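>>> Here is my input, please return the structure:
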Amino acid sequence: HMTLLSRYPPQQDALDQSFGWATGKMRGVNYSRALYVGIGARGLHLAASWLFRPPFRRGIPCIPWREVRCTRPQPEGIRRWFLGSKFEVAAAGIRFTLDGEAGRAVERRLAALGRHVAPDRPGVRTT
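Residues are numbered from 1 along each chain as shown. Take a look at the predicted model:
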């Protein structure tokens, strides 16, 4: 959280979607229903849920969409229960996984921006 906050300050951004208790993994830590994910026009808002954030640094980083890359889309069918969507923010040296609807929502936004890497899905442009 602190690494992201130091590089990507909070932004006032109207959110299209938000997930208050999302599940994912970052830096070897499993955040089971402990992540906040917001999908905004300016970028991806990603932080631990409010209960798990440091008390004096509660801002939510806004990572610009141009810096977010999908490295593996969530699989279809029953495999999606076990494998989430994998993302990377290369400029910050961070890789993370988002499970369920939160991951699919980020994938959809990246696809709408033409920034989605999904060679196994027809109709989605590879960047």
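>>> isn't there a helix covering residue 105?
Yes - with DSSP: H, G, I helix; E, B strand; the rest coil as the criterion, residue 105 is located in a helix.
>>> That one: how many residues sit nearby?
As a burial measure, residue 105 scores 21 neighbours (other Cβ atoms under 10 Å). (C-beta placed from N, C-alpha, C; glycine too.)
>>> repeat for residue 66
The burial count for residue 66: 10, using other Cβ under 10 Å.
>>> can you give me the strands for this structure?
15-26, 29-40, 43-48, 62-64, 69-72, 85-89, 94-98 (DSSP state E).
>>> Of all those, which one is nearest residue 3?
Nearest to residue 3, of all the strands of the chain, is strand 94-98, at 7.0 Å by Cβ to Cβ.
>>> Which neighbouring elements make contact with that closest one?
strand 15-26, strand 85-89 (3 or more Cβ pairs under 8 Å, 6 or more residues apart in numbering; DSSP states H and E).
>>> picking up where we left off before, just send the strands of the chain back as JSON lines, with distance to residue 8 and mean pLDDT too.
As requested, those are exported to JSON lines (distance: least, Cβ to Cβ, whole Å; pLDDT from 0 to 100):
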{"stretch": "strand 15-26", "distance to residue 8": "14", "mean pLDDT": "92"}
{"stretch": "strand 29-40", "distance to residue 8": "12", "mean pLDDT": "92"}
{"stretch": "strand 43-48", "distance to residue 8": "8", "mean pLDDT": "91"}
{"stretch": "strand 62-64", "distance to residue 8": "5", "mean pLDDT": "96"}
{"stretch": "strand 69-72", "distance to residue 8": "15", "mean pLDDT": "94"}
{"stretch": "strand 85-89", "distance to residue 8": "8", "mean pLDDT": "95"}
{"stretch": "strand 94-98", "distance to residue 8": "10", "mean pLDDT": "94"}
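>>> neighbours around the nearest residue to residue 96 once chain neighbours are set aside, how many?
The shortest distance from residue 96 to any non-neighbouring residue, by Cβ to Cβ, 6 or more residues apart in numbering, is to residue 26 (4.1 Å). By the measure other Cβ under 10 Å, the count of residues near residue 26 is 19.
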